[in-house]
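Student: give me a 3D structure for the following:
(4 chains)
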2 protein chains.
Amino acid sequence: MADTRQKLIVGAMETIRTHGIAGVSARTVAASAGVNQALVFYHFGSVDDLLSEAFLSATRARVERYRERLAAVATVRDLLDVGRRLHEEERALGNVTVLAQLLAGAQSDAKLAGSTAEALGLWVAEIEAVLVRVLAGTPLADLADSAGLAAAVSAAFIGLELFEGVDPVGAHAALTSLEQLAVLVEVMEDLGPVTRRALRAKLRPPAARSPRRSRA
Amino acid sequence: MADTRQKLIVGAMETIRTHGIAGVSARTVAASAGVNQALVFYHFGSVDDLLSEAFLSATRARVERYRERLAAVATVRDLLDVGRRLHEEERALGNVTVLAQLLAGAQSDAKLAGSTAEALGLWVAEIEAVLVRVLAGTPLADLADSAGLAAAVSAAFIGLELFEGVDPVGAHAALTSLEQLAVLVEVMEDLGPVTRRALRAKLRPPAARSPRRSRA
DNA sequence: GTCTATAGCTGGATAGAC
DNA sequence: GTCTATCCAGCTATAGAC
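Tutor: Below you'll find the model as predicted:
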């Protein structure tokens, strides 16, 4: 059947999740999938190619699944709610774990780097779209560029995932802090126009700001 | 000589840096150190033990080296300057790379997890001390707990490092955005007392805030 | 498409000569 | 303390039977 491919894809994700990128091999993946080891090479050519394809298809499915919910986000408070929900769901499924492992592997494996970057890009693009919508009108909108912010948010989640593996308490505290930071932005939405203008004036056009060094 | 140990420690760091956690073995490390493979086991017992010891000693040395500079930080602007400097220096030396790789490995290796957590803790503690000093008096001081913030900052840098490996442009934009976010905090330092009190009132005691769900 | 078998390599770890 | 030699496990990848 054509679902040996599917079994291998599922097995690949499962293996990265449980054994980490260093524990992935044609044998471990095939064992987890319950199929013969040689089929990895028959269907995908190499282990790396299997990983790439598995991760891309898994990510596409996840992003798809969240598109609707993200589209409904209109305020910072919404974003935090959906964000936490997404984080918990992804955590339970282990997708962020997989992303972190692949990123680690990709640092010294050009082949993995390409597909990992592509999958990561799917998330970043989605996050950016939401941020643009939610931050419109807040001082942040003209403070930081949206692509950069989206990348920063993604990076933070990846780092948190790794952090959580060795220090769950610390990671939880970090997540809470980040949420409270976001409250700052939320608060700005509710400020009176006078205060807002004062803030805005302080922030000035960021494009005109010299890129490095200037006296405080 | 007793510096075979040292050679192996240096070789271990170098190997993680260049080949990633998945590329580390007694043989690759020994080759990079220019010593015999069997000496890994004679001096350290196992590869994992070597990695643990190497990383802890390297981290201790780095934290030591930055203690002074961090102690001189008094404002958010200072913090950003030193932070960027530190980030660039660590990047050039590859220490954050190593940290990220070890964290990835530690997710499925309890032995690594312990020592990695310990080393990570060294950085977090240092960062927290600075944050407490710098944020004293800003609304952030009572918004988020300092340990959580320090962990969040650390996690963000780790995530950025991995991000950078597959998308350098995106990672750079993310870092820039984070710096501009920090400007928000800086701006608050300069706000008049009236505005500040308004902000503070909005933020309220975070301890009294119900942990989840409440109508907006 | 799937399986067995196997070549050829790299891995951790140890024994024992020096 | 260091080196050689070695065992054995696990790895990628392929050839070839079914």
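Student: residues of chain A that sit close to DNA strand D?
Tutor: Within chain A, the positions near DNA strand D by CB under 7 Å from any atom of the strand are A:24-28, A:37-38, A:41-42, A:46-47. For every residue, glycine as well, the C-beta is placed using N, CA and C.
Student: just the ones of those in strands?
Tutor: Applying DSSP state E to these, no entry is found in strands.
Student: and which of these is nearest A:Tyr66?
Tutor: Nearest to A:Tyr66, judged by CB to CB, of those is A:Val24 at 26.1 Å.
Student: and the pLDDT for A:Leu80?
Tutor: Note on A:Leu80: pLDDT of 91.
Student: returning to that earlier point: and the residues of chain A next to DNA strand D, which of them are buried?
Tutor: A:24, A:26, A:28, A:47 (16 or more other CB atoms under 10 Å in any protein chain shown).
Student: now the third one, nearest residue through space, not along the chain?
Tutor: Beyond its immediate neighbours in the sequence, the residue positioned closest to A:Thr28 (CB to CB, 6 or more residues apart in numbering or on different chains) is A:Thr15, lying 5.2 Å away.
Student: so the one you found sits right up against A:Ala30, yeah?
Tutor: No: the criterion here is CB atoms under 8 Å, and A:Thr15 misses it with A:Ala30 at 9.3 Å.
Student: nearest spatial neighbour of A:Ala129, skipping sequence neighbours?
Tutor: A:Leu70 (7.5 Å).
Student: show me the shaky parts of chain A.
Tutor: Scanning chain A for pLDDT under 70 picks out A:1, A:191-192, A:195-196, A:198-199, A:202-216.
Student: could you redo the last one with a cut-off of 90?
Tutor: A:1-2, A:77, A:87, A:136-144, A:179-216 (pLDDT under 90).
Student: ok and the residue in it nearest DNA strand C?
Tutor: DNA strand C sits closest to A:Asn36 of chain A, with a gap of 3.0 Å, by CB to the nearest atom of the strand.
Student: which helices and strands does the helix or strand A:Leu184 falls within pack with?
Tutor: Assigned by DSSP states H and E, A:Leu184 belongs to helix A:168-190. Judged by 3 or more CB pairs under 8 Å, 6 or more residues apart in numbering or on different chains; DSSP states H and E, the packing partners of helix A:168-190 are helix A:76-93, helix A:139-143, helix A:146-166, helix B:139-143, helix B:146-166, helix B:193-203.
Student: make TSV out of those and add mean neighbour count and distance to A:Arg65.
Tutor: Shown next, in TSV, are the helices and strands packed on helix A:168-190 (neighbours: other CB atoms under 10 Å in any protein chain shown; distance: least, CB to CB, whole Å):
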stretch	mean neighbour count	distance to A:Arg65
helix A:76-93	16	9
helix A:139-143	19	27
helix A:146-166	26	17
helix B:139-143	18	33
helix B:146-166	25	23
helix B:193-203	14	34
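Student: residues contacting the residue nearest to A:Ala129?
Tutor: A:82, A:126, A:129-130 (CB atoms under 8 Å, 6 or more residues apart in numbering or on different chains).
Student: tell me which parts of chain A are close to DNA strand C?
Tutor: Within chain A, the positions near DNA strand C by CB under 7 Å from any atom of the strand are A:1-2, A:4, A:35-39, A:42-43.
Student: biggest separation within those residues, which pair?
Tutor: Spatially, the most separated pair among these is A:Ala2 and A:Gln37, at 18.9 Å (CB to CB).
Student: filter the residues of chain A next to DNA strand C by proximity to chain B?
Tutor: When CB under 8 Å from any CB of the partner chain is taken as the criterion, no member of these contacts chain B.
Student: now do the contacts for A:Tyr66.
Tutor: The neighbours of A:Tyr66, taking CB under 8 Å, 6+ apart as the test, are A:86, A:126.
Student: A:Leu99 too?
Tutor: Contact partners of A:Leu99, counting by CB under 8 Å, 6+ apart, are A:55, A:59, A:116, A:119-120, A:158, A:161.
Student: the inter-axis angle of the helix or strand encompassing it versus helix A:76-93?
Tutor: If you go by DSSP H and E, A:Leu99 is part of helix A:95-106. Our comparison of helix A:95-106 with helix A:76-93, counting by axes from the mean of the first three to the mean of the last three CA atoms, to 10 degrees, yields an angle of 70 degrees.
Student: show me how far helix A:95-106 is from its chain's centre.
Tutor: Put simply, helix A:95-106 sits 10 Å off its chain's centre (CA atoms, centre = their mean, to the nearest Å).
Student: how far off helix B:146-166 does that helix point, in degrees?
Tutor: For helix A:95-106 against helix B:146-166, the angle by the same axes, to 10 degrees is 50 degrees.
Student: how close does the most centrally placed residue in chain A get to chain B?
Tutor: Central residue of chain A (CA atoms, centre = their mean): A:Ser154, 4.1 Å from the mean position. Per CB to the nearest CB, to the nearest Å, A:Ser154 is found 7 Å from chain B.
Student: got the contact list for the residue lying closest to that residue once chain neighbours are set aside?
Tutor: Once flanking residues are discounted, A:Ser154 sits nearest to A:Val124: 5.3 Å by CB to CB, 6+ apart. The contact partners of A:Val124, taken as CB under 8 Å, 6+ apart, are A:147, A:150-151, A:154, B:170.
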